[in-house]
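In: Sharing a model that was predicted from the sequence below.
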Amino acid sequence: MLSAPEHLRETHLIGPRCREWVLDREHVAQLRPARLVWVGHGELRAPYRMIRPYSPYSHVVACFGGRGRVLIDGVAVDWRPGQVLLAPVNVLHAFEIAGRGPWQIAWVFFDDRAGPPVIGGERARLVEAEAADFVDALQMLTREAAGAREPALMHSLVGAVETYARRLAGPLAIDPRLWRLWERVQGDLGAAWDNRTLACTAAMSEEHLRRLCLRHYQRSPMAQLTHLRMQRACTLLRSGAVKIEAVAQQVGFSGIYAFSAAFKRWSGVPPSEFRSGGGRGAGSS
């Protein structure tokens with residue numbers, strides 16, 4: 001049974017009675033332009049369980065037969081046919097079979113490093129969705145890959161899988177301008193960013209930027225800036241190679257006292273205590 005998030009560890013428990021049909025970008029070149037890392041579908045039996053505390057890829061996973069359980073906001077909930085798991089990058093997701101099976105799921109993993117994240121938000125969620133076309137396209141793709149592997153047909157089927165997966169991901173897909181903005185900001189966190197500069201860099205009004213940030217991050221633009229700065233500060237502090245004064249400057253604070261106060265509000269502990277291992281490393285939103 002899925003336990004509380006703090007007790008979860010990376011787990012890939014598949015079992016000898018499970019059947020999976022999987023393709024990856026190392027062996028199927030047509031997946032690469034679509035930013036698909038691997039795709040597949042499975043007919044799963046107990047004791048199947050999959051836990052990824054910090055997945056580097058975003059996921060779209062559809063249940064189309066049998067029953068499973070998935071961890072949503074720290075609570076294990078039933079996962080039935082007609083529901084799709086949307087899991088953003090770097091977010092805990094964990095699921096397992098419910099009962100003996102078979103349990104049928106189909107999935108794609110997107111590589112978000114080369115473009116805007118396919119799935120917005122900062123939490124995994126289970127949504128009601130019609131995924132029959134997505135499942136059919138995946139099954140046709142794996143059959144073609146196991147048989148004739150005709151390049152033009154493979155390309156068309158990969159395109160269909162990508163299109164249906166993006167439709168399932170829904171309207172929370174990140175606006176490319178928003179993604180480019182925060183990429184730019186993370187490359188220069190020490191700059192004197194304010195609402196006007198952020199909006200100009202994103203080529204949109206301050207109000208539109210505010211609405212997009214609230215929709216995708218549940219934070220204002222300046223709160224998102226602080227969140228990114230504090231995440232970078234955590235990395236620098238943990239490395240132990242940079243003095244706290246230098247960390248403050250690198251993340252946009254002119255003085256150590258202002259940085260220390262902001263970091264304590266965000267993490268719950270002062271920078272020095274966090275560096276020594278006393279911090280929990282997760283800020284508030």
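Out: Yes, it's here.

In: Show me the shaky parts of the stretch 101-250 of the chain.
Out: Within the stretch 101-250 of the chain, the ranges that satisfy pLDDT under 70 run 114, 171-174.

In: quick one, helices of it?
Out: Along the stretch 101-250 of the chain, the segments classed as helices by DSSP state H, counting those that start in this stretch run 132-146, 151-169, 176-186, 195-202, 206-217, 221-239, 244-250.

In: closest one to Phe263 among those?
Out: For the helices of the stretch 101-250 of the chain, proximity to Phe263 was assessed by CB to CB; helix 221-239 is nearest, at 6.0 Å. In this view, the C-beta of every residue, glycine as well, is placed from N, C-alpha and C.

In: Which residues outside the closest one are in contact with it?
Out: Here helix 221-239 makes contact (CB atoms under 8 Å, 6 or more residues apart in numbering) with 182, 185-186, 189, 193-195, 198-199, 206, 209-210, 213, 217, 219, 242, 244, 247-248, 250-252, 259, 262-263, 266-267, 271, 274-275, 279, 281, 283, 285.

In: Pull out the buried positions in that helix.
Out: Judged by neighbour count (16 or more other CB atoms under 10 Å), helix 221-239 contains these buried residues: 221, 224-234, 236-237.

In: can you state the direction angle for it and helix 176-186?
Out: Per axes from the mean of the first three to the mean of the last three CA atoms, to 10 degrees, the angle that helix 221-239 makes with helix 176-186 is 40 degrees.

In: starting at the chain centroid, how far to helix 221-239?
Out: Its chain's C-alpha centre and that of helix 221-239 lie 18 Å apart, by CA atoms, centre = their mean, to the nearest Å.

In: again, but for stretch 196-208
Out: 25 Å.

In: Let me see the domain layout of this structure.
Out: With domains defined by automatic domain parsing, the chain comprises 5-172, 176-275.

In: In stretch 261-279, which residues are buried?
Out: Buried residues in stretch 261-279, counting neighbours by 16+ other CB under 10 Å, are found at Ala262, Phe263, Trp266, Ser267, Gly268, Val269, Pro270, Pro271, Phe274, Arg275, Gly279.

In: now swap in stretch 214-221 and tell me
Out: In stretch 214-221, counting by 16+ other CB under 10 Å, buried: His216, Tyr217, Arg219, Pro221.
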